[in-house]
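# Starting from these lines, generate the structure:
(2 chains)
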Amino acid sequence: GENVEQHPSTLSVQEGDSAVIKCTYSDSASNYFPWYKQELGKRPQLIIDIRSNVGEKKDQRIAVTLNKTAKHFSLHITETQPEDSAVYFCAAIHTGGFKTIFGAGTRLFVKA
Amino acid sequence: DARVTQTPRDKVTEMGQEVTMRCQPILGHNTVFWYRQTMMQGLELLAYFRNRAPLDDSGMPKDRFSAEMPDATLATLKIQPSEPRDSAVYFCASQLGGRGQFFGPGTRLTVL
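Numbers count the residues shown, from 1 in each chain, chains lettered A, B, ... in the order given. Predicted coordinates:
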């Protein structure tokens, strides 16, 4: 069945460093890839997304890249800050938009 | 600023009792999801609806869980009878077409 693999499961970086989270999807019909940030005790929140007709998208310190051929997409956070500490989920949505397949999540720690 | 709302926010009950959780999706969103999350783990999809019709409830224990959308502004998730292993945070999320999901604040359920 469809699945999304996400790595690493835990990531610890020093404040100011960059963080990269990678995901691989299995369903070639997936065409929309959102990323969610979940702080402790809070709801997951959409932070950035990318469609399959775009290779890269950037929003201030966060960027997402997509390699359709390899079925890989990645989240890049530059100049990390302690408030970036959270669990990040990647996801893939099948054409038609019905079902979202989530990755297992990456717990990011940013040390001050 | 439109948001998904959920009630109750917290529920403590005893094993064997019925629990009903409610969700009001963002007006105009046509897809509604129910997820379960334990101890900041991944998001386990329980069921989802499109245009109020159930599309997939294969993630739910059928003998005790039921999900409905009596109208476009209300989705319900019911557990009867509840068990201690049902203790978790239950999130509702709504989505418009093939875009990102917007999550409610969650219902924290504790079954004693």
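# By mean pLDDT, which helix or strand of chain B comes out lowest?
Least confident helix or strand of chain B, by mean pLDDT, DSSP states H and E, is strand B:53-56 with a mean of 88.
# Residues contacting that strand, please?
Residues outside strand B:53-56 that contact it (CB atoms under 8 Å, 6 or more residues apart in numbering or on different chains): A:98, A:99, B:45, B:47, B:48, B:49, B:67, B:69. Placement of C-beta: from N, CA and C, glycine included.
# Just the ones in strands from these, please.
Per DSSP state E, strands hold the following members of the contacts of strand B:53-56: B:45, B:47, B:48, B:49, B:67, B:69.
# okay if I get the contacts of strand B:53-56 as TSV plus neighbour count and pLDDT?
Below are those laid out as TSV (neighbours: other CB atoms under 10 Å in any protein chain shown; pLDDT from 0 to 100):
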residue	neighbour count	pLDDT
A:98	15	70
A:99	18	75
B:45	20	90
B:47	22	93
B:48	24	91
B:49	22	92
B:67	21	96
B:69	19	95
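# Can you tell me which of those is nearest residue A:40?
residue B:45 (21.9 Å; CB to CB).
# Could you look up the SS state of the closest residue to the closest one other than its chain neighbours?
Spatial nearest neighbour of residue B:45, chain neighbours left out: residue B:59 (4.8 Å); criterion: CB to CB, 6 or more residues apart in numbering or on different chains. Taken by DSSP: H, G, I helix; E, B strand; the rest coil, the conformation at residue B:59 corresponds to coil.
# Roughly how far does residue B:59 sit from residue B:42?
Between residue B:59 and residue B:42 the computed distance is 12 Å (CB to CB, to the nearest Å).
# Residue A:52: neighbour count?
For residue A:52, the neighbour count with other CB atoms under 10 Å in any protein chain shown is 17.
# Pull the contacting residues for it.
A:30, A:31, A:32, A:33, A:66, A:68 are the contacts of residue A:52 under CB under 8 Å, 6+ apart.
# Go again with 10 Å.
Listed by CB atoms under 10 Å, 6 or more residues apart in numbering or on different chains, the contact set of residue A:52 reads A:28, A:29, A:30, A:31, A:32, A:33, A:66, A:68, A:73, A:92, A:93, A:95.
# Please check the residues you listed and keep the buried ones.
Neighbour-count burial within those applies to A:30, A:31, A:32, A:33, A:66, A:73, A:92, A:93; the criterion is 16 or more other CB atoms under 10 Å in any protein chain shown.
# Next, the contact list for the third one, please.
Just to be clear, that refers to residue A:32. A:49-52, A:91-95, A:97, A:100, B:97-100.
# Can you tell me how far the residue of chain B found nearest chain A is from residue B:89?
The nearest approach of chain B to chain A comes at residue B:98, 2.7 Å away (CB to the nearest CB). Distance from residue B:98 to residue B:89, counting by CB to CB: 26 Å.
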